[in-house]
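Novice: just coords:
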């Protein structure tokens, strides 16, 4: 299953906004779409992404007002992206290597979709293969443990906190 292209499972209706959009308006749009990220575009070309984690790290923790911050100020860039023909296996390898959960799908500089770790997990029947990729990623990055967070369940780099293996997002919340 992991050799099918991402275009087969990607979400086509992506939550997007221009880089000069306020974080307040962008977060309202994220809630409307029911997603944890928004792809930042400039003249319809994707240039960055803002995730819930970015909002916590770059705005909330610094006590900044969302109405006074633009997406361009806090977006993560350059954008890590894949083509529609990229296999799920390759997309997953990129996510594990970069420690990300979402990959915008771009063709000819145009955003055509987004694929998430949850999308891949939902279609991954061969969990043995999935575990193999996690192990492979672990050995490539010896000092980092990758696995399932004991608090939120996402696949990510794990931190040992009092014997619990949790992701960075849950560590910051805890």
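Specialist: Structure received. Computed from a prediction, not measured in an experiment: that's the story for all the values here. Numbering: from 1, shown residues only.
Novice: CA only for contacts and neighbour counts going forward, please
Specialist: Fine.
Novice: ranges for the helices of this protein?
Specialist: Assignment of helices within the chain using DSSP state H yields the ranges 23-33, 52-58, 71-74, 88-98, 117-123, 127-140, 168-173.
Novice: can you put the ones you listed in CSV and add distance to residue 6, mean neighbour count and mean pLDDT?
Specialist: Shown next, in CSV, are the helices of the chain (distance: least, C-alpha to C-alpha, whole Å; neighbours: other C-alpha atoms under 10 Å; pLDDT from 0 to 100):
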stretch, distance to residue 6, mean neighbour count, mean pLDDT
helix 23-33, 20, 17, 97
helix 52-58, 23, 16, 95
helix 71-74, 26, 20, 97
helix 88-98, 6, 19, 91
helix 117-123, 9, 15, 83
helix 127-140, 16, 15, 61
helix 168-173, 26, 14, 79
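Novice: let's have the ones you listed in CSV, adding distance to residue 46.
Specialist: CSV is the format used below for these (distance: least, C-alpha to C-alpha, whole Å):
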stretch, distance to residue 46
helix 23-33, 15
helix 52-58, 17
helix 71-74, 12
helix 88-98, 18
helix 117-123, 20
helix 127-140, 28
helix 168-173, 25
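Novice: so which of the ones you listed gets nearest residue 106?
Specialist: helix 88-98 (12.8 Å; C-alpha to C-alpha).
Novice: the closest one - contacts with which helices or strands?
Specialist: strand 102-107, helix 117-123, helix 127-140 (3 or more C-alpha pairs under 8 Å, 6 or more residues apart in numbering; DSSP states H and E).
Novice: noted, bye for now.
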